[in-house]
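Student: coordinates only, sequence not included:
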């Protein structure tokens, strides 16, 4: 009889159950002399990843913003820099390009979101004021907004802005209703939306 430790490499068999195990899974011991094949990342750990949604339409025709009116920024996600390859595996998408709104419904409560919006706009007057906000729970009676950046521009010109902010999914109002980015100015604007980058850490559900 040949001791198992002395069996040549070519004679060793694959681990039990490997023929039916799903791709990417590992064998996890149960502490009772057995085990099963499963996800190597435990479900009780946070998962993180990122996406980038790049607009195409405003690169051709800038979005016209009326004076003194909060206006939703648009993003068709059809630009060549749109990237969803590295989104957490539990999330299909974070952006509804049809309605130009964020969709947080697949995020568990306690998830965290870091976002950067990149825009270029042209002012029409001296000392023009430009402000940005994130509206959450949009359409709900209890919707609310987060101010994310404002600035005065002394002279007429074209300016690029990258605005970064953090938020969290702390209640069902935020989770189950859309979010949208809005811009405001005391003069008209023409805006080119480069897009938004979103880093997300998904809390254990």
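Tutor: Great, that's in hand. Everything numeric here is computed off the predicted structure, so don't read it as measured data. Numbering: from 1, shown residues only.

Student: I figured residue 196 hits residue 52, correct?
Tutor: Yes. With contact defined as Cβ atoms under 8 Å, residue 196 counts as touching residue 52 (7.4 Å). (Glycine included, C-beta is placed from N, CA and C.)

Student: now do the helices in this protein.
Tutor: Assigned by DSSP state H, the helices in the chain fall at 57-60, 172-176.

Student: how far is the shortest one from where the chain is centred?
Tutor: Computed by Cα atoms, centre = their mean, to the nearest Å, the separation of helix 57-60 from the middle of its chain amounts to 22 Å.

Student: would you mark the buried spots in that helix?
Tutor: Using 16 or more other Cβ atoms under 10 Å as the test for burial, helix 57-60 gives residue 58.

Student: which outside residues touch it?
Tutor: Contact with helix 57-60 is made by 74, 76, 78, 79, 191, 192, 193, as judged by Cβ atoms under 8 Å, 6 or more residues apart in numbering.

Student: ok, the fifth one - contacts?
Tutor: Same thing as residue 191. 58, 62, 63, 64, 65, 73, 119, 120, 121, 183.

Student: by neighbours, which of those residues wins?
Tutor: Neighbour counts for the contacts of residue 191 (other Cβ atoms under 10 Å) peak at residue 119, which has 25 neighbours.

Student: relative to residue 185, how far out is that residue?
Tutor: Applying Cβ to Cβ, to the nearest Å, the value for residue 119 to residue 185 is 12 Å.

Student: how's this structure carved up into domains?
Tutor: Residue ranges for the domains of the chain, per automatic domain parsing: 4-38, 47-202.

Student: could you give the mean pLDDT of the last one?
Tutor: Looking back up the chat, that one is domain 47-202. What domain 47-202 shows for mean pLDDT is 97.

Student: then the shortest one?
Tutor: Across domain 4-38, the average pLDDT comes to 71.

Student: picking that back up, redo the contacts of residue 191 as JSON lines? Include distance to residue 35.
Tutor: Formatted as JSON lines, those follow (distance: Cβ to Cβ, whole Å):
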{"residue": "58", "distance to residue 35": "54"}
{"residue": "62", "distance to residue 35": "59"}
{"residue": "63", "distance to residue 35": "56"}
{"residue": "64", "distance to residue 35": "61"}
{"residue": "65", "distance to residue 35": "59"}
{"residue": "73", "distance to residue 35": "50"}
{"residue": "119", "distance to residue 35": "52"}
{"residue": "120", "distance to residue 35": "55"}
{"residue": "121", "distance to residue 35": "58"}
{"residue": "183", "distance to residue 35": "54"}
